[in-house]
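> predicted model and sequence follow; I will ask about them next.
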Amino acid sequence: MEKVYLFVFICLLFAAMAGATQFKVGGSNGWSVPAPNTVSYNQWAQANRFKIGDSLAFTYPQGNDSVLVVDRDAYNTCNTSSYIKKFADGNSVFTFDRSGPFFFISGIEDNCLKKESLVVIVLANRTSKIDSQPSSSPPSTSPIDSPDVTLPPPGELTPTLPPPGELTPPPPTTNDSVPVLPPSGEETNPNPSTAPPPSEETNTNPTTPSVAPSGGENPNSQSPPSPSGASLKIVGLVGSIGPLLGLILLVL
């Protein structure tokens, strides 16, 4: 991937150089000490825009002057003994191969002190930076399409009411298990339907417990005889007639 980015950067650099501009320093006067009340070299540089691939053309008398490419400290002090690159052929061309500041001074210290110096700021090529750097932002995800909800026509939203006759609640059911209370003052009789049948009462023959004989009694004496089954049935029948008569009186 690095080779691909390098190849793209070189292609963009050549494309920029193909449309590059060459600026002549000093105009018709060339590279020399500026005359009084004239535009300085730095003012001229600020009025122009420089990009990577552009170049500066220095014209000066060969043997009488030169051009030094220096750093910031040498520029501020006009130090002609410390330089990055030197031109002395009288017709020098310097091409910008990077962005940032470039500092130029005359090879003659006295001329540098008389403002024969230049600072050029080269603008960064934003297109090459964008193409040479991989995209770090994640790909945008398309939002999930929500399913379309089809609403029924307004007429179908009206609820259908049942006929008025169907709204009548059903009559309350009578709980047979709740006994009917008689009027006050009357005797309450049990419901004959709930009374146990006579046969259930007569099935159990109560036994009379035997009493131990005392010291003066005859041990051979027997307990009195128990009532017969027929008499118990008669008693049960008479007991069931009583509640029936009470119910008839209650109805009347």
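In hand now; what should we look at? Numbering: from 1, shown residues only.

> so Asn91 bridges to which residues?
Thr59 (DSSP bridges).

> check contacts around it.
By CB atoms under 8 Å, 6 or more residues apart in numbering, Asn91 lies in contact with 57-59. Any C-beta I mention is one placed from the backbone N, CA and C, and that applies to glycine too.

> let's go with 10 Å and repeat that
By CB atoms under 10 Å, 6 or more residues apart in numbering, the residues touching Asn91 are 30-31, 57-60, 62.

> which one among these gets closest to Leu250?
Nearest to Leu250 among the contacts of Asn91, counting by CB to CB, is Ala57 at 137.1 Å.

> from Val93, how far off is that closest one?
Distance, Ala57 to Val93, using CB to CB, to the nearest Å: 5 Å.

> so for the two, which residues contact both of them?
Residues touching both Ala57 and Val93 (CB under 10 Å, 6+ apart) are Gln22.

> neighbour count for the two, which is higher?
Ala57 (15 against 11; other CB atoms under 10 Å).

> am I right that that one is in contact with Phe23?
Yes - counting by CB atoms under 10 Å, Ala57 does reach Phe23; the two are 6.9 Å apart.

> roughly how far apart are Met242 and Ile248?
Careful, residue 242 is Gly; it's not Met. 11 Å.

> looking at those two, which is more packed in?
Gly242 (14 against 9).

> could you confirm the more buried one falls within a helix?
Yes - using DSSP: H, G, I helix; E, B strand; the rest coil, the secondary structure at Gly242 is a helix.

> let me see the mean pLDDT of the one helix or strand Leu250 maps to.
With secondary structure defined by DSSP states H and E, Leu250 is part of helix 229-251. Helix 229-251 carries an average pLDDT of 66.

> ditto for stretch 75-86
Mean pLDDT, computed over stretch 75-86, is 97.

> low-confidence stretches in the stretch 1-150 of the chain?
Counting by pLDDT under 70, the stretch 1-150 of the chain has low-confidence residues at 1, 3-5, 8-9, 11-18, 126-150.
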